[in-house]
Structure formats: structure tokens, C-alpha cells
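**Student:** Here is my input; please provide its structure:
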Amino acid sequence: MGTYNGQRQFMFFQKVQQKKTIVRLVGLFGLFLLTSCSAHASQSFAEREAKLNQRADLKTYEVEPRSEEKTLAQAKPAPANTSDTAESPEAKEPSVAKAEVPVSTEDFVEPQNPQGKRLKAALTCGKLVLKKGGKANCFGPVRMWREDIEITCTSAIAVFNQKGALSRLRCEGDVRIVTAERVGFAQRAIYDEDKQNVTLEEKAKLKQRGMQLQGDKVTVDLLTEEVSVEGGVKGLYAPEE
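**Tutor:** Numbering: from 1, shown residues only. Sure thing, here's the model as predicted:
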């Protein structure tokens, strides 16, 4: 009985060893196949890549990045088509801040009134700065007109009465006055509403039909139309043909 048990144990041990041997052989064979496949795949991939490069004749280029400043510097604006550009309605309207159209000194015409109304006194300028005491600083071009006179200059100081009406205007720089019969020039002028006169100072000159007057001070009375000249008076009379 003991001998039979020993034989069975020996046979069982042999079977176990055979199974282990088979497992080891299978593992070695699988490892061999895996290694062969990997090597073959790597070699095949390298060969295919080389063939593709040869067919496509691929080349490598280095691209130099362009800076934004160079791109902007090389850009050129497209030429504007002036024929297709429509003029805006605002450009057609006259602006107060624009320079007045000069009128010939020999054209003794009625004072211009842009609004076509008979105003007691009106004042326009490019810029107006209100001050205390009913005063205001006016900056060019300055223009004052009423039904019988027009005054233009570079800058002025305006004084208004309690009702808000213009009572006095002190003009500076390239002063020009126009009445129905006269044209005057000076570097300074004072318009006085209460006295109803205009005084020209500093290189004052007054022209009327057939006569030119110069002096340090020229005063024109707007009611009586009398003219007085003071200081270094010069007169030139040229009768009309």
C-alpha cells in the first residue's frame, strides 16, 4: 500500500514539472515573436519613411519671422478715389470759425448781413469766453454787424448791458470796418453803442469815394456820418473819372 502511494506522488510530480516546462517554452517562444515583430516593424517604418521622403523630395526650410513693425512699415495706404467721395452736408454749410472772404477795399457796398435781417447789433466769433461783469473775450475770426456798419477783427473784448445787448466792443488785430460810404482799416478799434461811434487807432486809415484819410486816430459818427482825424493827419484826394 505504501509503495502504491509513493508511485502516485511521483507521477503527479512529473506531470507538474512537465506543465511548468511547457509554460516556460511557450513564454520564451512568445517573447521571441514579440522581439522579432518589433524589430521588423521598426525597420519597415524606417524604410517606408525613407521611401516617402525620396518620392516627395522633401526639403527643410528655415522661415525668418517678420516683425510687426516691418510689416506696418511696408504697408502702403490704398489711394483714395476722390471722384467717388461724396461731400458731406456739413462741409457745404458755412462755419463761423472759418475766415471771412476778403472784400476789395474799393468796393464800397452796403454792410453784409448774413441773416438778411436788420439787427441792432449782432456778434459772432470762433470762440467766446464769458467773464464776470457782463464781459466776454472773443477769439477769431470776430465779426460784429448791424444795419449800418460791419466790423471784423482777430480778437475782441465785448461788454454787454443788463439786458444782454452789446454796448461796447474793443477790437484788436487786422481791424476792418465797412459802412455804406466808407471802408476803414486799423490795428485797434472801439465800437461804442451809447455814443454811436467807432474809433480807429494805430495805423488808422479811412477810404471813401475819391478820398483817403490817415492819422493816429480816426472817429466815425454813425448818426451824423461825420469823420474826425487826429495826429499826423494825411489826406489824399483823387477825383473819380
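
**Student:** tell me the domain ranges of this protein?
**Tutor:** Domain ranges of the chain: 1-53, 97-237, per automatic domain parsing.

**Student:** and the end-to-end length of stretch 204-215?
**Tutor:** From its first residue to its last, stretch 204-215 covers 6 Å (Cα to Cα, to the nearest Å).

**Student:** just to revisit the earlier point, of the domains of the chain, which stretch is the most buried?
**Tutor:** domain 97-237 (a mean of 16; mean count of other Cβ atoms under 10 Å). C-beta: built from backbone N, CA, C; applies to glycine.

**Student:** From the contact counts, what lies against the helix or strand encompassing C138?
**Tutor:** Assigning secondary structure by DSSP states H and E places C138 in strand 135-146. Applying 3 or more Cβ pairs under 8 Å, 6 or more residues apart in numbering; DSSP states H and E, we find strand 135-146 packed against strand 122-124, strand 127-130, strand 149-160, strand 166-178.

**Student:** how about those strands, which one is nearest M11?
**Tutor:** Proximity to M11, assessed across the helices and strands packed on strand 135-146 by Cβ to Cβ, is greatest for strand 127-130 (123.3 Å).

**Student:** What's the mean pLDDT across that closest one?
**Tutor:** In this model, strand 127-130 has an average pLDDT of 94.

**Student:** Mind listing the strands it pairs with, and their directions?
**Tutor:** Sheet partners assigned to strand 127-130 using DSSP bridges are listed as strand 135-146 (antiparallel).

**Student:** ok and the partner strand relative to strand 149-160, angle-wise?
**Tutor:** 150 degrees (axes from the mean of the first three to the mean of the last three Cα atoms, to 10 degrees).
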